[in-house]
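# this is a predicted model, with the sequence first.
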Amino acid sequence: MMEEIARVVDYQQGWVTVEVELKSACNHCASSENCGTSTIAKAFSVHTQRFSLPCEKPCRSGDLLKIGLPESVIIKAAALVYLLPLLGMFLSAIIGHMLAAGLGLSTNGFAMAFGASGALVAWFIGKHFATQLEALATPVIITYLGQEVGIISATR
């Protein structure tokens with residue numbers, strides 16, 4: 001189960017609206033201080049996503065919840081978006097190669113053109129199905145964490 005901490009924005013009649021920060025994976029490795037990609041990722045503002053979940057117990061605005069999404073959903077979506085275009089590229093390149101050979105034309109050019117177009121079409125198809133899969137996947141509340149504890153400084 002992929003877990004994330006979410007902040008409660010609103011609670012109404014058994015449904016809680018939560019907000020989750022979408023983080024870049026670039027800011028978490030040991031080399032992030034010296035990495036150009038990490039610097040670019042830090043330059044962009046933090047994005048958040050809001051959605052509603054069924055909730056068994058009442059929550060207040062600002063409460064923290066640990067929510068989870070099954071890994072199978074993420075793996076299926078990644079396969080659709082990454083592997084389907086590769087498969088489309090290879091199959092289309094083979095078809096382009098065989099078509100060009102049958103017509104007596106340049107096989108390399110046809111294979112590249114068909115491969116690129118096949119990858120693009122398969123990517124759009126994969127993205128469409130991944131969006132549908134994401135819409136059907138509902139995160140679940142794992143733990144109610146309560147209010148966030150801030151650092152209190154005692155100055156005299």
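Perfect, thanks for sending it. Residues are numbered from 1 along each chain as shown.
# and the helices in the protein, which stretches?
Ranges of helices within the chain are 36-43, 71-78, 84-103, 107-136, based on DSSP state H.
# what does the second one contact?
I take that to be helix 71-78. Residues outside helix 71-78 that contact it (Cβ atoms under 8 Å, 6 or more residues apart in numbering) are 1-2, 130, 133-134, 137. (C-beta placed from N, C-alpha, C; glycine too.)
# which two from the residues you listed end up farthest apart in space?
Greatest spatial distance among those (Cβ to Cβ): 1 and 130, at 19.2 Å.
# if you count what's nearby, which of the two comes out ahead?
residue 130 (20 against 11; other Cβ atoms under 10 Å).
# you'd agree that one is up against residue 81?
Yes. In terms of Cβ atoms under 8 Å, residue 130 counts as a neighbour of residue 81; the distance is 5.2 Å.
# before we move on, back to that, out of the helices of the chain, flag the one nearest residue 21.
Of all these, helix 36-43 comes closest under Cβ to Cβ, at 13.2 Å.
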